[in-house]
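**Q** mind looking at a prediction? Sequence and model below.
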Amino acid sequence: MSLNYIKNFYEGCVKPPTVIGQFHTLFFGSVRMFFLGVLGFAVYGNEALHFSCDPDKREVNLFCYNQFRPITPQVFWALQLVIVLVPGAIFHLYAACKSINQECILQKPIYTVIYILSVLLRISLEVIAFWLQIHLFGFQVKPLFLCDAGSLGGKLTIIRCMVPEHFEKTIFLIAMYTFTVITIILCIAEVFEIIFRRLCFLIRQ
């Protein structure tokens, strides 16, 4: 429900002045949010319940799972989507308050610069999120996780834990990387498109 609220708010504001920007809105608002909201829950929803270690004790499983997942992928990707939305949402809110339409963004230099800066900020946030995702999750989910359980005070310091549905999680992880790369490429292309259209507008004058 929250994803639909964000999508409706984003689409209800001033539409991006470029074709690529409008495609990015569709891609971002529909495909990426659907993939995370529906398929993400199906893949990661019950991960903590099926994460098991040897010995299979509740406190051991919980301790090792927290070590395996300092932050769950669903929470990380949801935060990424919300944070990446912020620059565009601020600009569109400003445009709505000032009654700025698509033509004004292309015709007035100050609005063009502000819009380009919002897109560049969006690119920067995506790159940071991409780096954090690599640092937190890597590129592959392995079926076996070795947990350092020395602080539990037991005889075993290294405990073997089984990661459920590791292959599905690896595919989903690669898909999220792909979405991030596509979004960055679309944002870069949008910057070039708006600069090109601005130059065409100046030439026609």
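**A** Now that the structure is in, tell me what you want to look at.

**Q** in this structure, what spans have low per-residue confidence?
**A** 1-19, 29, 153-156, 205 (pLDDT under 70).

**Q** what is the lengthiest helix in it packed up against?
**A** Criterion DSSP state H: the longest helix present in the chain is helix 166-204. Applying 3 or more C-beta pairs under 8 Å, 6 or more residues apart in numbering; DSSP states H and E, we find helix 166-204 packed against helix 19-26, helix 41-44, helix 73-97, helix 102-107, helix 109-137. Using the backbone N, CA and C atoms, a C-beta is placed for each residue, glycine as well.

**Q** a markdown table for those, including distance to residue 33?
**A** Formatted as a markdown table, the helices and strands packed on helix 166-204 follow (distance: least, C-beta to C-beta, whole Å):
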| stretch | distance to residue 33 |
| --- | --- |
| helix 19-26 | 11 |
| helix 41-44 | 12 |
| helix 73-97 | 7 |
| helix 102-107 | 24 |
| helix 109-137 | 15 |
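
**Q** any chance of those helices in TSV, plus mean neighbour count and distance to residue 55?
**A** What follows is the helices and strands packed on helix 166-204, written out as TSV (neighbours: other C-beta atoms under 10 Å; distance: least, C-beta to C-beta, whole Å):
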stretch	mean neighbour count	distance to residue 55
helix 19-26	17	49
helix 41-44	15	25
helix 73-97	17	27
helix 102-107	17	62
helix 109-137	16	27
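
**Q** quick one: closest of these to residue 193.
**A** Checking the helices and strands packed on helix 166-204 against residue 193 by C-beta to C-beta gives helix 19-26 as the closest, at 5.1 Å.

**Q** what's around residue 162, how many residues?
**A** Neighbourhood size, residue 162 [other C-beta atoms under 10 Å]: 14.

**Q** which residue, other than its chain neighbours, is closest to it?
**A** Using C-beta to C-beta, 6 or more residues apart in numbering and skipping the chain neighbours, the partner closest in space to residue 162 is residue 52 (5.4 Å).

**Q** what's the neighbour count on the one you found?
**A** Residue 52, neighbours per other C-beta under 10 Å, totals 17.

**Q** residue contacts, it?
**A** 61, 161, 162, 164 (C-beta atoms under 8 Å, 6 or more residues apart in numbering).

**Q** repeat the analysis, applying 10 Å as the threshold.
**A** 60, 61, 64, 65, 160, 161, 162, 163, 164 (C-beta atoms under 10 Å, 6 or more residues apart in numbering).

**Q** that one and residue 100, how far apart?
**A** Look at residue 52 and residue 100: by C-beta to C-beta, to the nearest Å, they are 56 Å apart.

**Q** then residue 76?
**A** 34 Å.

**Q** how about residue 163?
**A** 49 Å.

**Q** what do you get for residue 162?
**A** 55 Å.

**Q** check residue 85 too.
**A** 19 Å.

**Q** and if you look at residue 204?
**A** 21 Å.

**Q** so these two - more neighbours on which side?
**A** residue 100 (19 against 6).

**Q** tally of neighbours for residue 189?
**A** Using other C-beta under 10 Å as the criterion, the residues surrounding residue 189 number 16.
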